[in-house]
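Trainee: Model the structure of this input:
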Amino acid sequence: MNVKTLCLGILSFGDTTGYDIKKMSVDGPFSNFVDVSYGSIYPALERLTKEGMVLCREEQQSGKPDRKVYSITERGHAALLEALEEEPGPDRFKSEFLFLMICAGWLGRQRIERALDHRLARHDAIIAHLNEAKACCDRKASHFVIGYGLAIHEAARSYLTKNRQAAIDLAEKPDPSSRAAE
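Mentor: This next block holds a predicted model:
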């Protein structure tokens, strides 16, 4: 999936500004689907407009510059449906936490404990956020996606909790506090 398809998908839910598309794509509810940068949204919207897949209108705001509001056209909706017929690529997962864990033999136990605590807290925060989102959402498709995210984060949290001691035992480097006692 590319940035143009993501923009069409967001616009299929309703008209919105480029700024809001950018926020939803990078930090918001659509940030988990495709890696996009802030700089890629506006060029994609410009191309979609030139290709007749998106319309752009300017709305006046009192005391502020006019804002551009984008809407999907029938041609854009057809292009979105065509793109959605393609098989999605594999999910991409990158984790600095797992990199730290693969190098655990060079670290002390306290560092591993801190990393585990931080990761568990992160999963807890995401689980809480997803539960809040699920409670506020009435779309069945969104419930499915949120449920999938919950399953992943709950499974990761469960794995870390069950394997906490095994992870700590990976540390081979003595902690500074244990060296001071020698």
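
Trainee: Can you classify the spatially most central residue of the chain as helix, strand or coil?
Mentor: Residue closest to the mean C-alpha point of the chain, counted by C-alpha atoms, centre = their mean, is Asn32 at 2.7 Å. Of the three states, Asn32 takes coil under DSSP: H, G, I helix; E, B strand; the rest coil.

Trainee: Does it touch Ile152 like I think?
Mentor: No: taking contacts as C-beta atoms under 8 Å, Asn32 lies outside contact range of Ile152: 10.2 Å. Placement of C-beta: from N, CA and C, glycine included.

Trainee: So what's the gap between stretch 118-132 and the chain middle?
Mentor: Per C-alpha atoms, centre = their mean, to the nearest Å, the displacement of stretch 118-132 from the mean C-alpha position of its chain is 13 Å.

Trainee: Check which residues of that stretch are buried.
Mentor: 119, 123, 126-127, 130 (16 or more other C-beta atoms under 10 Å).

Trainee: now do stretch 95-114
Mentor: Neighbour-count burial for stretch 95-114 [16+ other C-beta under 10 Å]: 100-101, 104, 107-109, 111-112.

Trainee: Where do the strands of the chain begin and end?
Mentor: Under the criterion DSSP state E, strands of the chain are mapped to 16-17, 54-61, 64-72.

Trainee: Now render the ones you listed as CSV, adding distance to Arg47 and mean neighbour count.
Mentor: Below are the strands of the chain laid out as CSV (distance: least, C-beta to C-beta, whole Å; neighbours: other C-beta atoms under 10 Å):
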stretch, distance to Arg47, mean neighbour count
strand 16-17, 17, 16
strand 54-61, 9, 13
strand 64-72, 12, 14
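
Trainee: I'd like the ones you listed written out as TSV, with distance to Gln165 added.
Mentor: Shown next, in TSV, are those (distance: least, C-beta to C-beta, whole Å):
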stretch	distance to Gln165
strand 16-17	48
strand 54-61	54
strand 64-72	52
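
Trainee: Give me the below-cutoff pLDDT ranges for this structure.
Mentor: 174-182 (pLDDT under 70).

Trainee: got the domain boundaries for it?
Mentor: According to automatic domain parsing, the chain comprises the domains 3-85, 96-180.
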